[in-house]
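**Student:** Return atomic coordinates for the entry below.
(chains A, B and C)
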Amino acid sequence: MTANASERLLQHYVDNFRRLPWRSAPGTPPPPAYRVWLSEIMLQQTTVAAVTPRFERFVTRWPTVEALAEAKDEDVLSEWAGLGYYARARNLIACARKVARRGGFPETAADLRSLPGIGDYTSAAIAAIAFGEDAAAVDTNVERVVARLHAIDRPTRAQIEQLVRDMLRSGRAGDLAQALMDLGATICRPKNPLCASCPIAADCAAFASGIPERFPLPKPKRVRPLRHGVAYWIEQRDCVWLVRRPAKGLLGGMAALPGSEWQDGPLPVRPAVRHIFTHFALELGIERRSSAIGDGWWQPLDTLEDAGLPTLYRKAVAAFLTDRSSRRRAA
DNA sequence: TAGTCGTGGGA
DNA sequence: TTCCCAAGACT
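**Tutor:** Numbers count the residues shown, from 1 in each chain, chains lettered A, B, ... in the order given. You can find the predicted model right below:
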């Protein structure tokens, strides 16, 4: 790699700057740490397209970390509903309260790293982007870009971090992190990389090899088992009975329809919904019940969209209501 | 360390 | 349809 690959990458970033709600233009003051933090948490394993409207809603409703720290758990979880990986929302609340209590965000990656929901990548990203620390923020984009740059088929995280540190230009770690991520998202893509448009193709060992896509090697995939469950539809006076799931685990803390435990074997009910989670698929049947089960609340049917249901249960509600209305038309 | 933890869009 | 995978963290 030539010494000025970093310069060309940074220049490409400046020339092709993508304006996003949580970004500041290169050469202007950095965004507040609150906005950087919130966006980085939302963007974990989540696309820019999915995050953008949610980010706007969050910062409108809670403009500061102090405001977020004072919010009710249910309100934050409800705003997060549909975004997935709900442990992020639970950690978001815990983190906001810690930060508010200590009077603001810590300004180093090492101190940020000790906050809930902030790991190696996010701590480095916030430190670099919001506070200008020369920290190496390595996500999957950066790992792929750097692995290709050096034609490493099985990179370790420590190896990539060192190579990124070698690319750092003092005071521009934030730009470098975002430049690497943008390059990974738009040009150095997992499949069909656009090497002809790449500002550092001349430095790239994978490009020179003629098979850039081969770096890094793909992760082995695991089988996704099928599980089964039943959700209960309990309706009285134009309200439906909802419950809150246990605080930890899958969909932890989220609003839900009550229901059976989910099991491996099939159930004697027709599945109404098929939903894909990260490591298993679920077929969910819907069964009417007459009396409330467990702790919960009566949610008016006409406000069900605002109940903060995660996607599985939104799909179940939609399936039930569609099915009922079509049966009523037939009757 | 490998499993857990969502969702939606594109190929 | 099926598969991949997107600014990871936690245990």
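**Student:** Can you pull the residues of the stretch 201-331 of chain A lying near DNA strand C?
**Tutor:** A:218-219, A:221, A:278 (C-beta under 7 Å from any atom of the strand). C-beta here means a position set from N, CA and C on the backbone, and glycine is covered the same way.
**Student:** out of those, who's nearest DNA strand C?
**Tutor:** Closest to DNA strand C out of these is A:K221 (4.4 Å), distances taken as C-beta to the nearest atom of the strand.
**Student:** A:L282 in helix, strand or coil?
**Tutor:** strand (DSSP: H, G, I helix; E, B strand; the rest coil).
**Student:** Please list all residues in contact with it.
**Tutor:** With contact taken as C-beta atoms under 8 Å, 6 or more residues apart in numbering, A:L282 is in contact with A:226-229, A:262, A:273-276, A:312.
**Student:** Going through those, which ones are buried?
**Tutor:** Buried members of these, counted by 16 or more other C-beta atoms under 10 Å: A:227-229, A:273, A:275, A:312.
**Student:** Out of those, list just those in strands.
**Tutor:** Judged by DSSP state E, those include A:227-229, A:273, A:275 as members of strands.
**Student:** Restricting to those residues, which residues neighbour DNA strand B?
**Tutor:** Intersecting these with the contacts of DNA strand B gives A:H275 (criterion: C-beta under 7 Å from any atom of the strand).
**Student:** now, which of the residues of the stretch 201-331 of chain A next to DNA strand C lie within helices?
**Tutor:** Among those, no residue falls in helices (DSSP state H).
**Student:** Verify the stated contact: A:L284 with A:A231.
**Tutor:** Yes: A:L284 is within contact range of A:A231, at 5.6 Å (criterion: C-beta atoms under 8 Å).
**Student:** Count residues in the vicinity of whatever residue of the stretch 1-150 of chain A ends up closest to DNA strand C, would you?
**Tutor:** Proximity to DNA strand C, evaluated over the stretch 1-150 of chain A using C-beta to the nearest atom of the strand, is greatest for A:G119 at 2.5 Å. Counted by other C-beta atoms under 10 Å, the residues lying close to A:G119 total 11.
**Student:** From DNA strand B, how far out is it?
**Tutor:** 11 Å (C-beta to the nearest atom of the strand, to the nearest Å).
**Student:** okay, that residue: pLDDT?
**Tutor:** We have a pLDDT of 98 for A:G119.
**Student:** Show me the strands in chain A, by range?
**Tutor:** A:226-236, A:239-244, A:255-256, A:271-276, A:281-289, A:297-300.
**Student:** Turn those into CSV, columns for mean pLDDT.
**Tutor:** Shown next, in CSV, are the strands of chain A (pLDDT from 0 to 100):
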stretch, mean pLDDT
strand A:226-236, 97
strand A:239-244, 98
strand A:255-256, 98
strand A:271-276, 97
strand A:281-289, 97
strand A:297-300, 98
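**Student:** Point out the most buried one among the ones you listed.
**Tutor:** Ranked by mean neighbour count under mean count of other C-beta atoms under 10 Å, those are led by strand A:255-256, which reaches a mean of 21.
**Student:** OK, contacts around A:R144?
**Tutor:** Counting by C-beta under 8 Å, 6+ apart, the residues that A:R144 touches are A:184, A:188, A:190, A:215-216.
**Student:** hmm, 7 Å instead?
**Tutor:** A:184, A:188, A:190, A:216 (C-beta atoms under 7 Å, 6 or more residues apart in numbering).
**Student:** neighbours around the residue nearest to the first one when sequence neighbours are not counted, how many?
**Tutor:** Pointing back at A:G184 there. Closest residue to A:G184 apart from its sequence neighbours, by C-beta to C-beta, 6 or more residues apart in numbering: A:N141 at 2.9 Å. Look at A:N141: counted by other C-beta under 10 Å, it has 20 neighbours.
**Student:** cool, and A:D182?
**Tutor:** A:D182, neighbours per other C-beta under 10 Å, totals 20.
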